[in-house]
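Engineer: Got a sequence here, can you build the structure:
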Amino acid sequence: MTVSASAIVLAGGKSRRLGRDKRLLHVGSSRSLLDETIARVATLTRDVVVVVAGDPGELGQLPARIVQDPLPGAGPLNAVFAGLSAVEHEFAIVVACDLPFLNVELLRALLEQPRDYDLLVPRRADGTLEVLHAVYRKTCLEAIRRRLDTGRLRLADLVEDVAVRFVDEAVLVTYDPLLRSFFNINTPEDLQTVDRLLRTQSS
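Structural biologist: Residues are numbered from 1 along each chain as shown. Just a heads-up that it's a prediction; the model follows:
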């Protein structure tokens, strides 16, 4: 069942620490990590936008609309701005493309929270904010634009400028007990961890 929201997949990272393009990795699936991410969010909505930094042709044919980040050096803040400007719905779930354990039920639960916010963010027990696994409303666009104009590019700091609803860990673990949905791949060590976890699941 789809929801009245869009999905934005951020796929603009350079993967420097990993040493290869993480978007094209095959991690426990016959599909690339990017294709798998698109497939999972597509179970929630028909409006899926992928934000890329370089030539989208490098990624082949994708089952989603492609938006190019006009200022890739500005990091995820500008990528969110580009995606949010392009989506059809007022609300959009935003996820990075390097989350191999992305949990669709958790994403759905976030989208079903009361929509009395500009930004809905999962918050871990230690206070960590998962801003690349969050729901943004188009009303965030002006606040993001101001931050881009003044060079304040840290995405997590957007919570200072908009109405925020936090979803705390006690709720998150109801849908994802080990919170693996937030585990992202940045380094070769991260990839080894994912391989080990996948082997454990299959044994």
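Engineer: Show me where the protein has its strands.
Structural biologist: 6-10, 48-52, 65-68, 91-96, 119-123, 133-137, 164-168 (DSSP state E).
Engineer: Name every strand pairing with the first one and say which way it goes.
Structural biologist: Right, the one you point to is strand 6-10. If you go by DSSP bridges, strand 6-10 pairs up with strand 48-52 (parallel), strand 91-96 (parallel).
Engineer: CSV for those, including distance to residue 170?
Structural biologist: Glycine gets a C-beta too; all of them are placed from N, C-alpha and C. Output for those, formatted as CSV (distance: least, Cβ to Cβ, whole Å):
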stretch, distance to residue 170
strand 48-52, 30
strand 91-96, 21
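Engineer: Geometric centre of this structure: which residue is closest?
Structural biologist: When the chain is reduced to its mean C-alpha position, the nearest residue by Cα atoms, centre = their mean turns out to be residue 95, at 0.9 Å.
Engineer: How about the contacts made by the closest residue to residue 137 other than its chain neighbours?
Structural biologist: Closest residue in space to residue 137, ignoring its immediate chain neighbours: residue 118 at 4.8 Å, by Cβ to Cβ, 6 or more residues apart in numbering. Neighbouring residues of residue 118 by Cβ atoms under 8 Å, 6 or more residues apart in numbering: 136, 137, 139, 140, 143, 162, 163, 164.
Engineer: State the pLDDT value of residue 118.
Structural biologist: pLDDT for residue 118: 98.
Engineer: Hmm, residue 107 is touching residue 41, no?
Structural biologist: Yes - the pair residue 107 / residue 41 is scored as a contact, 6.9 Å apart, by Cβ atoms under 8 Å.
Engineer: anything in contact with each of the two?
Structural biologist: 93, 95.
Engineer: how about low-confidence regions in the chain?
Structural biologist: 1, 13-15, 19, 202-203 (pLDDT under 70).
Engineer: Helices of that one, start to end?
Structural biologist: Secondary structure of the chain (DSSP state H): helices at 33-41, 76-86, 104-111, 141-149, 169-175, 188-202.
Engineer: What residues of the fourth one count as buried?
Structural biologist: Spelled out, it's helix 141-149. The neighbour-count check on helix 141-149 (16 or more other Cβ atoms under 10 Å) flags 143, 144, 147 as buried.
Engineer: mind listing what the nearest residue to residue 122 once chain neighbours are set aside touches?
Structural biologist: Once flanking residues are discounted, residue 122 sits nearest to residue 130: 4.2 Å by Cβ to Cβ, 6+ apart. Taking Cβ under 8 Å, 6+ apart, we find residue 130 in contact with 121, 122, 123, 124, 182.
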